[in-house]
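[1] here are the coordinates; sequence isn't available:
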């Protein structure tokens, strides 16, 4: 596990030394934005899959099985 981290750090260091433009603020911002979009997509996809497996819509999961027709008629 530690050797994997060291290998990754070394390979990234070599990449940066070979292509220093990867450290420019514009490049770093673009890379950050891409990774953020991937995380958001992954979270949304996971939530969508959970709702599909449970048979609930996102609305039902948040608000329960509320039905206006049954409100106040217990």
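    Right, received. Where do you want to start? Computed from a prediction, not measured in an experiment: that's the story for all the values here.
[2] chain center to the longest helix seen in the chain: distance?
    In the chain, taking DSSP state H as the definition, the longest helix is helix 25-54. Helix 25-54 sits 3 Å away from the centroid of its parent chain (CA atoms, centre = their mean, to the nearest Å).
[3] repeat for stretch 20-35
    Distance of stretch 20-35 from the chain centroid (CA atoms, centre = their mean) equals 18 Å.
[4] what is the rounded mean pLDDT of the longest helix of the chain?
    Helix 25-54 shows an average pLDDT of 85 in the prediction.
[5] Number of residues surrounding residue 22?
    13 (other CB atoms under 10 Å). C-beta: built from backbone N, CA, C; applies to glycine.
[6] From residue 36, how far off is it?
    Residue 22 sits at a distance of 18 Å from residue 36 (criterion: CB to CB, to the nearest Å).
[7] Also residue 13?
    24 Å.
[8] Point me to the residue sitting closest to the centre of the chain.
    In the chain, the residue lying closest to the centroid (CA atoms, centre = their mean) is residue 39, at 1.9 Å.
[9] which residues touch that residue?
    With contact set as CB atoms under 8 Å, 6 or more residues apart in numbering, residue 39 has no partners.
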